[in-house]
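> here is my input, please return the structure:
(2 chains)
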Amino acid sequence: MDVVNQLQRQFLDYSASLHREGFLDDQFTQLQKLQDENSPDFVVEVASLFFEDCEKLINNMARALEQQGVDFKQVDASVHQLKGSSSSIGAMRVKNVCIAFRSFCEAQNREGCLRCLQQVTHEYSLLKNKLQTLFRLEQQILAAGGSVPAIE
Amino acid sequence: MTVEQIVSETKDQFPIGMRVLAVDDDPTCLLLLETLLRRCQYHVTTTSQAITALKMLRENKNKFDLVISDVHMPDMDGFKLLELVGLEMDLPVIMLSANGDTKLVMKGITHGACDYLLKPVRIEELKNIWQHVVRRKKFDRKVRSNSDSQDKPHADSGEAAGIGKADNNVKINKKRKDQNEDEDEDLDENGHDNDDPSAQKKPRVVWSVELHRKFVAAVNQLGIEKAVPKKILELMNVEKLTRENVASHLQKFRLYLKRISCVANQQANMAAAVGTADSSYLRMGSLNGLGNFHALSGTDQLHNAAFRSFPPSGVLGRLNTPAGLGIRGLPSPGTIQLGHVQNSGHSSNDQSKLQSFIPGNHNTNILQGMPMSLDLDQLQNNKGVSHIGELPAANSTAVFPVSGSLIDSRIAGFSNNPLLGVTSNSLMLEGSSQQANLHASNLRDGVSAVGFQNGNTLSNFASIDPVSSQLRDSKADLQGQAAPINCNAGPMIRSVPPQEWNAPRKDAPYQSHLMSSSVNSSIPVNGAMVQLDQCLDRNNSIFHRTMDSDSIGPLNFVDPLSIKHGEGLNSAAMEPPVIEKEGYLMYQLRPHGNHIPDNIGSLEDLASAMMK
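Predicted coordinates for the structure are as follows:
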């Protein structure tokens, strides 16, 4: 019991910090609310999909920016998609970088784009680690026989 | 079950179980969307490819009530998909995007989206999307009535301009005006009824298959031109049936006929067949002319034209959407007429007729249908739009408005009753005996087409209030759908199982017609007329192929209704899809050719079958 409570508190604190630091926003909370008995691993599923997608998009962008003649439209398309998926999952920081990224694309500023790409990659890795930690906490709670507390 | 019953049933469940097709290439978003939609208790189908989505939709229009699509997709532009869906299937489409630029949103709306959501999508927003389905149906109805009123002035001018078969035109115009007036009234009534079915003052008459058969027989006996409610009533000799009941049923029937003729026009070079029904076909021809733009090989490709008009710009097809509706509502007489002129390929008479007709009568014009070969391609492309627009405005809207109004009214009728098709048919009959035949066949086709193509429409109809208000409702619905109806007759018929007429549901029968009409009417009016001719042919072919022969007699309006798509399909939605289907069907059936001669015969058979 004590262990469960401890874990639960840890979970809530960690969650709150992620929100505070801007890694996650309200959309993520919505996702968590969607999780129920029918779809118990919903959040993990969505997050995994997001990570996969993110990696693919980042690679696309990198490749496109490496070209001699950069196809900014293509880069912009990838950024747009990343923006969409990151906002859908609640990855606020990633989304914000995408917004800036897009304006560089429009301006056809290669340097700016490259910088943003770096930032996006960085934010993505950070988020991935954080979420994995969060999910691990969840698993621990469940393993200890408790239930994952709802975030408010 | 009566239509009312069916409608109420679907209403009870709706929006639960509403069938949504979600398209997004982003897997994260797609999964999220799917989960959210399931949480709203909708029935969800997902795909990450627009092409797959289109395939699914084309396979069975009745399978879905609503489509949600991402804007940015690799295999096809979201807007393109939006247009195609609106044109072909007349389903409400909601756009989804991470980009909320006003320009993009505007683009979405102009392409016919009924809503534009921003990512990340919230469940609250999704909980309300069902209103688009319902709104489409109702709105179509109203639009139709508006179109009708607008058409009236046109009708007058049309009459004045009457060329050639002026007599016929005049008659048709006149009748159209009357119809419009009636339809408007009906619509209003329907609207009221729809809004508050429980507040009906009079008990609804259920137009059972039997009853309808008697009605059609009476109309045939009297001749479509001479068929007045009082005489029909006397001939039918049914207890407790009032003149008003017959009058409204007749109105719907006329609309239906028009629709069928329009569809017919579109589909084939009904013109050939239609030849006789110059006056009525002319109208249709004009619509067809629109379609012809593209392909016009000089043959009576009215169908094409008409048909095309539907898809084009989805205006027709999309009449359901507000944008579409607006267009429909505004008959651009000028444009419409132009269309006629342009269609001139067929016959100067037709054109002139179209001109005169178009403004006034959606249906009649359509029926007159200049058989124009519908280029399937065109139909599919928005080019159709341009075809329509050929009218001058290159907007089907132009054409449509005129005819559209008729169609709308007719469509409204359809949704409720197959009568709509009937009415259009009756209109056709007025034009000429041939036309009558066509009408009949169109009706059948329409019915069948409707059945075939618009499984949804039918369901829409069912779900739409019309059920409650029999004809009136159907009219209203048709209205909404009418726009697309023009040539839907053909396609419509297909989608609707031939059982429509038979179905005891009052509305169902109409609905199916409506659906067909709506489908056909997508090209407002004019096309309908023309298309009818063509549609007839096509319908016949389609009809025969797909429908049971017995459907001819009693249009099976009911079937569509029974489908209960009602879930949310707008009648309008149903219509356009039908039309689109028609075009496609037509293509399949007749690759562009002049099947009319062959079809005509069949159409006539249908027509006669219908009429009896």
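
> show me the contacts for the residue of the stretch 101-250 of chain B found nearest chain A.
Closest residue of the stretch 101-250 of chain B to chain A, C-beta to the nearest C-beta: B:P120 (4.3 Å). In short, each C-beta sits where N, CA and C put it, glycine included. By C-beta atoms under 8 Å, 6 or more residues apart in numbering or on different chains, the residues touching B:P120 are A:Q27, A:Q30, A:S87, A:S88, A:I89, A:G90, B:L32.

> now do the buried residues in the lowest-mean-pLDDT helix or strand in chain A.
Across the helices and strands of chain A, mean pLDDT, DSSP states H and E gives its lowest value to helix A:26-34, namely a mean of 88. Within helix A:26-34, the residues scored as buried using 16 or more other C-beta atoms under 10 Å in any protein chain shown are A:Q27, A:F28, A:T29, A:Q30, A:L31, A:Q32, A:L34.

> contacts only, for the fifth one.
If you count contacts by C-beta under 8 Å, 6+ apart, A:L31 has them with A:F42, A:V43, A:V46, A:I89, A:G90, B:L32.

> which of these has the largest number of neighbours?
Neighbour counts for these (other C-beta atoms under 10 Å in any protein chain shown) peak at A:I89, which has 31 neighbours.

> hang on, that residue packs against B:P27?
No. Counting by C-beta atoms under 8 Å, A:I89 stays clear of B:P27, with 11.3 Å between them.

> CA atoms only for stretch B:26-36 - export them in PDB, please.
The C-alpha trace of stretch B:26-36 is given here as PDB (Å, rounded to 0.1, in the frame of the first residue of the first chain):
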ATOM      1  CA  ASP B  26      -0.300  10.600 -40.000                       C
ATOM      2  CA  PRO B  27      -0.700   7.400 -37.900                       C
ATOM      3  CA  THR B  28      -0.500   9.200 -34.600                       C
ATOM      4  CA  CYS B  29      -3.400  11.500 -35.500                       C
ATOM      5  CA  LEU B  30      -5.300   8.800 -37.200                       C
ATOM      6  CA  LEU B  31      -5.200   6.600 -34.100                       C
ATOM      7  CA  LEU B  32      -6.100   9.500 -31.900                       C
ATOM      8  CA  LEU B  33      -9.000  10.400 -34.200                       C
ATOM      9  CA  GLU B  34     -10.200   6.900 -34.300                       C
ATOM     10  CA  THR B  35     -10.200   6.600 -30.600                       C
ATOM     11  CA  LEU B  36     -11.900   9.900 -30.100                       C
END
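
> contacts for that stretch?
With C-beta under 8 Å, 6+ apart as the test, stretch B:26-36 has contacts from A:31, A:34, A:39, A:42, A:45-46, A:49-50, A:52-53, A:81, A:84-85, A:88-89, B:22, B:24, B:44, B:46, B:48, B:68, B:70, B:96, B:119-123, B:126.

> avg pLDDT for it?
Confidence for stretch B:26-36, expressed as mean pLDDT, is 90.

> what do you get for stretch A:140-152?
84.

> what of stretch A:122-130?
For stretch A:122-130, mean pLDDT rounds to 94.

> ok, stretch A:51-67 next?
Per-residue pLDDT over stretch A:51-67 has a mean of 92.

> mind listing what's buried along it?
Neighbour counts using 16+ other C-beta under 10 Å place A:F51, A:D53, A:C54, A:L57, A:I58, A:N60, A:M61, A:A64, A:L65 of stretch A:51-67 among the buried residues.

> ends of stretch B:68-78, how far apart?
End-to-end distance of stretch B:68-78 (C-alpha to C-alpha, to the nearest Å): 10 Å.

> that stretch near chain A at all?
Yes. Counting by C-beta under 8 Å from any C-beta of the partner chain, chain A has neighbours in stretch B:68-78: B:D70, B:H72.

> what are the buried residues along that stretch?
Neighbour counts using 16+ other C-beta under 10 Å place B:I68, B:S69, B:D70, B:V71, B:H72, B:M73, B:M76, B:G78 of stretch B:68-78 among the buried residues.

> and the one residue in chain A that gets nearest to chain B, what element?
Relative to chain B, the nearest point of chain A is A:G84 (3.3 Å; C-beta to the nearest C-beta). Using DSSP states H and E, A:G84 maps to helix A:72-89.

> what helices and strands are in contact with that helix?
Secondary-structure packing of helix A:72-89 (3 or more C-beta pairs under 8 Å, 6 or more residues apart in numbering or on different chains; DSSP states H and E): helix A:26-34, helix A:42-66, helix A:92-106, helix A:110-143, helix B:27-39.

> angle of it against helix A:26-34?
Put simply, helix A:72-89 runs at 50 degrees to helix A:26-34, going by axes from the mean of the first three to the mean of the last three C-alpha atoms, to 10 degrees.

> buried set for helix A:72-89?
Buried residues in helix A:72-89, counted by 16+ other C-beta under 10 Å: A:72, A:74-89.

> and what of stretch B:50-70?
By 16+ other C-beta under 10 Å, the buried positions in stretch B:50-70 come out as B:50, B:53-54, B:56-58, B:61-70.

> narrow these to those in helices?
Here DSSP state H is the test, and the buried residues of stretch B:50-70 give B:A50, B:A53, B:L54, B:M56, B:L57, B:R58 as lying in helices.

> which residues of the stretch 101-250 of chain B lie near chain A?
Checking the stretch 101-250 of chain B against chain A by C-beta under 8 Å from any C-beta, the hits are B:K119, B:P120, B:V121, B:R122, B:I123.

> quick one: buried ones out of these?
By 16+ other C-beta under 10 Å, those give B:K119, B:P120, B:V121 as buried.

> so how far is B:L21 from the last one?
If I follow you right, that is B:V121. 15 Å (C-beta to C-beta, to the nearest Å).

> what do you get for the second one?
Computed with C-beta to C-beta, the distance linking B:P120 and B:L21 is 20 Å.

> closest one of the ones in helices among the buried residues of stretch B:50-70 to B:V134?
Looking at those and their distance to B:V134, the nearest is B:L57, at 19.8 Å (C-beta to C-beta).

> what is the burial count for the closest residue to that closest one other than its chain neighbours?
When the adjacent residues along the chain are set aside, B:L57 lies closest to B:M89, with 5.4 Å between them (C-beta to C-beta, 6 or more residues apart in numbering or on different chains). If you count neighbours by other C-beta under 10 Å, B:M89 ends up with 37.

> can you list the residues of chain B near chain A?
B:25-29, B:31-32, B:35-36, B:39, B:70, B:72, B:97-99, B:119-123.

> which residue does the stretch 1-150 of chain B have closest to chain A?
For the stretch 1-150 of chain B, C-beta to the nearest C-beta, closest residue to chain A: B:A98, 3.3 Å.

> for that residue, give me its contacts.
Per C-beta under 8 Å, 6+ apart, neighbours of B:A98: A:H80, A:Q81, A:K83, A:G84, A:S87, B:H72, B:L118, B:K119.

> how about a cut-off of 6 Å?
Applying C-beta atoms under 6 Å, 6 or more residues apart in numbering or on different chains to B:A98 gives the contacts A:K83, A:G84, A:S87, B:K119.

> next: A:L65.
So A:L65 contacts A:C113, A:L114 (C-beta under 6 Å, 6+ apart).

> repeat that for 7 Å
Listed by C-beta atoms under 7 Å, 6 or more residues apart in numbering or on different chains, the contact set of A:L65 reads A:V75, A:R110, A:C113, A:L114, A:L117.

> now, of these, which are buried?
Buried members of the contacts of A:L65, counted by 16+ other C-beta under 10 Å: A:V75, A:C113, A:L114, A:L117.

> is it possible to get CSV of those that adds pLDDT and distance to A:D2?
Listed next are these as CSV, based on pLDDT from 0 to 100; distance: C-beta to C-beta, whole Å:
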residue, pLDDT, distance to A:D2
A:V75, 91, 52
A:C113, 91, 51
A:L114, 91, 50
A:L117, 93, 46
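
> who in chain A is up against chain B?
Residues of chain A lying near chain B by C-beta under 7 Å from any C-beta of the partner chain: A:27, A:30, A:34, A:39, A:42, A:45-46, A:49-50, A:53, A:77, A:80-81, A:83-85, A:87-89.

> how long is stretch B:91-99 from one end to the other?
Start-to-end, stretch B:91-99 (C-alpha to C-alpha) is 23 Å.
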